[in-house]
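Chemist: For reference, the sequence and a predicted model appear below.
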Amino acid sequence: MSDSTRTATTPGTPATTRGPGGLVRPATRGDVPEIHAMVRELAAYEKALHEVRTTEEQLTEALFGAHPAVFAHIAQDAAGEPVGFALWFRNFSTWRGTHGIYLEDLYVRPASRGGGHGKALLTELARICVREGYERLEWSVLNWNTPSIAFYESLGARPQDEWTVYRLTDEALAAAGARREAPGSVREG
């Protein structure tokens, strides 16, 4: 397969999955501008557009570089226009001893919501999990995003209320990475 036709998905993933409103397919290099645009649309919806630093070049490298670590699927409407995307990567559960999928972004453009595209994207990721022997499909959702929470729960997803997400970024990440404590000088939980 040539570099220009390679898809951003795991080996063996079917080329397309047809749904009631269109199809879901692995992203190609040519989809990067649309994916980038939808990342920005999602960030605007989540009131965080000012936080987006991602460039099309970064997405291209992450999805199609020599060692892709992130994957994507595109939802198309019946006319073939991209109306949504799922961007994901493999994680690993030490308790289950298997990989899983972490869904970084799921987005369907507002005019196409309610057409089954979000469900089709999640269904495709669930199929990948089942086919590959992955035992989890996980993602995060903002607490105020009640339409998405209701949608996820309608599919059988349940919140993991006993966990709190932590993040190091920017200055805090740089400071943590620059520390040079001796072993045993920092207490770990």
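Modeler: Yep, it's here. Residues are numbered from 1 along each chain as shown.
Chemist: Not counting sequence-adjacent ones, nearest residue to residue 136?
Modeler: residue 100 (3.3 Å; Cβ to Cβ, 6 or more residues apart in numbering). In short, each C-beta sits where N, CA and C put it, glycine included.
Chemist: who touches the helix or strand containing that neighbour?
Modeler: Assigning secondary structure by DSSP states H and E places residue 100 in strand 98-108. In this structure, residues lying in contact with strand 98-108 by Cβ atoms under 8 Å, 6 or more residues apart in numbering are 38-39, 41-42, 45, 70, 75, 83-93, 115, 117-118, 121-122, 125, 128-129, 132-139.
Chemist: quick revisit: how much space between the residue nearest to residue 136 and residue 120?
Modeler: When Cβ to Cβ, to the nearest Å is applied, the distance between residue 100 and residue 120 equals 20 Å.
Chemist: repeat for residue 83
Modeler: Taken as Cβ to Cβ, the spacing of residue 83 relative to residue 120 amounts to 10 Å.
Chemist: try residue 46
Modeler: For residue 46, the distance to residue 120 equals 22 Å [Cβ to Cβ].
Chemist: and the helix or strand hosting residue 120, what does it pack onto?
Modeler: Residue 120 belongs to helix 117-132 when assigned by DSSP H and E. Helix 117-132 sits against strand 17-19, strand 22-26, strand 71-77, strand 82-93, strand 98-108, strand 137-139, with contacts defined as 3 or more Cβ pairs under 8 Å, 6 or more residues apart in numbering; DSSP states H and E.
Chemist: which one of the ones you listed is the most hemmed in?
Modeler: strand 71-77 (a mean of 24; mean count of other Cβ atoms under 10 Å).
Chemist: What strands line up against that one, and which way round?
Modeler: With DSSP bridges as the criterion, the sheet partners recorded for strand 71-77 are strand 22-26 (antiparallel), strand 82-93 (antiparallel).
Chemist: what sits up against it?
Modeler: Applying Cβ under 8 Å, 6+ apart, the external contacts of strand 71-77 come out as 8-10, 19, 21-27, 31, 34-35, 63, 82-89, 108, 112, 115, 117-118, 120-121, 124-125.
Chemist: Contacts only, for residue 40.
Modeler: Counting by Cβ under 8 Å, 6+ apart, residue 40 makes contact with 49, 52.
Chemist: Dihedrals phi and psi, it?
Modeler: phi -70, psi -40 (degrees, to the nearest 10).
Chemist: That one and residue 48, how far apart?
Modeler: Here the distance between residue 40 and residue 48 works out to 10 Å (Cβ to Cβ).
Chemist: ditto for residue 163
Modeler: Following Cβ to Cβ, the distance that separates residue 163 from residue 48 is 21 Å.
Chemist: hey, what's in contact with both of residue 83 and residue 120?
Modeler: Joint contacts of residue 83 and residue 120 (Cβ under 8 Å, 6+ apart) are 22, 75.
Chemist: any weak-confidence spans in the chain?
Modeler: Counting by pLDDT under 70, the ranges of the chain that qualify are 1-21, 182-189.
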